[in-house]
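[1] What follows is a predicted protein model with its sequence.
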Amino acid sequence: MTVSSEDDLTALKMIGRIVADALEAMGRAIEPGMTTRELDGIGRRVMEDAGARPAPEMVYGFPGATCISVNEEIAHGIPGDRAIRPGDLVNVDVSAEKDGYFADTGASFAVPPATRRVERLCKDGRRAMWAGLREVGAGKPLAGIGRAVGAFARKNGYTLVRNLASHGVGLSLHEEPKAIATWPDASERRIMGEGLVLTVEPFLSLGADFAEDGDDPWTLYSRPRALTVQYEHTVVATRNGPLVLTMPGQ
């Protein structure tokens, strides 16, 4: 999607705020003993109370309002009876639609007591996302996102999952430009036009470089098994750089 009017931007900011509010509420609520289904219900209520529809359910028939992935699961985890335990690493991915506009966000949360290594991984996962976001802007190469994230990962001793990419978003959940690498990709030649709406969502890991299928049709696991975090914003490429849409309460 390319933003072409103030109405577009207003609608995107609204759905961006809604998914960000849902993510924030879920992050605050995480505690040992609750199930991932209970956590999902919190996100669903925030979205539906704001007049939005959970996108994974609406678009793909996913069995939940949000994707919740714990420890060895790194993406598309199905909310269910799994109880969150002390020390778990929980990733929450929230996307929704309102009035024909979509936004997508995500974050990883360390459940206390977290090891110093996991706390650092979460902090650096957010830093890796921002390294990529700073490369967003009208007229700039999409490849700059992956180069910046890759340089950060290399400098700090991490790996990147290389088969889960960022993507265009706005009028649908996944749209052009598809397969935006958040790792260095010498074949990437596309340029961001002014008003382009996209996600930036690197998967930073303590050793994994691939996501593989599990026993159900949805959940993805790290390969090799290693703790992995994902942080994600929906953003507009402008002449002044990135305009982040998925901030709570804006």
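    Noted; the coordinates are in hand.
[2] Now residue 63: closest residue in space that isn't a chain neighbour?
    Of all residues not flanking residue 63 in the chain, residue 78 sits nearest, at 5.5 Å (C-beta to C-beta, 6 or more residues apart in numbering). All C-beta spots, glycine's among them, are computed from the backbone N, C-alpha and C.
[3] Please disregard the earlier target; I meant residue 228.
    Using C-beta to C-beta, 6+ apart, the closest residue to residue 228 is residue 205 (4.0 Å).
[4] follow-up on the earlier one: give me the secondary structure label for the residue nearest to residue 63.
    Per DSSP: H, G, I helix; E, B strand; the rest coil, the secondary structure class of residue 78 is coil.
[5] cool, residue 58 as well?
    helix.
[6] For it, which residues are in contact?
    By C-beta atoms under 8 Å, 6 or more residues apart in numbering, residue 58 lies in contact with residue 97.
[7] and if you look at residue 141?
    For residue 141, the contact set (C-beta under 8 Å, 6+ apart) comprises 188-192.
[8] Now, those residues that are in strands?
    Mapping those onto strands (DSSP state E) picks out no residues; all lie outside.
[9] Out of the residues you listed, which end up buried?
    Buried members of those, scored by 16 or more other C-beta atoms under 10 Å, are 188, 192.
[10] so how many other residues sit close to residue 203?
    By other C-beta atoms under 10 Å, 31 other residues sit near residue 203.
[11] Excluding covalently adjacent residues, which one is nearest to it?
    Here the residue nearest residue 203, using C-beta to C-beta, 6+ apart, is residue 161, at 3.7 Å.
[12] now do residue 76
    residue 218 (4.6 Å).
[13] Could you give the backbone dihedrals for that neighbour?
    Dihedral angles of residue 218 (phi, psi; degrees, to the nearest 10) stand at phi -120, psi -50.
[14] residues contacting it?
    With contact taken as C-beta under 8 Å, 6+ apart, residue 218 is in contact with 62-63, 67, 76-78.
[15] and what of residue 25?
    Contact analysis of residue 25 by C-beta under 8 Å, 6+ apart lists 42-43, 46.
[16] thinking again about what came up before, from residue 183, how far off is the residue nearest to residue 63?
    Using C-beta to C-beta, to the nearest Å, residue 78 is found at 27 Å from residue 183.
[17] go on, residue 123?
    Taking C-beta to C-beta, one finds residue 123 at 20 Å from residue 183.
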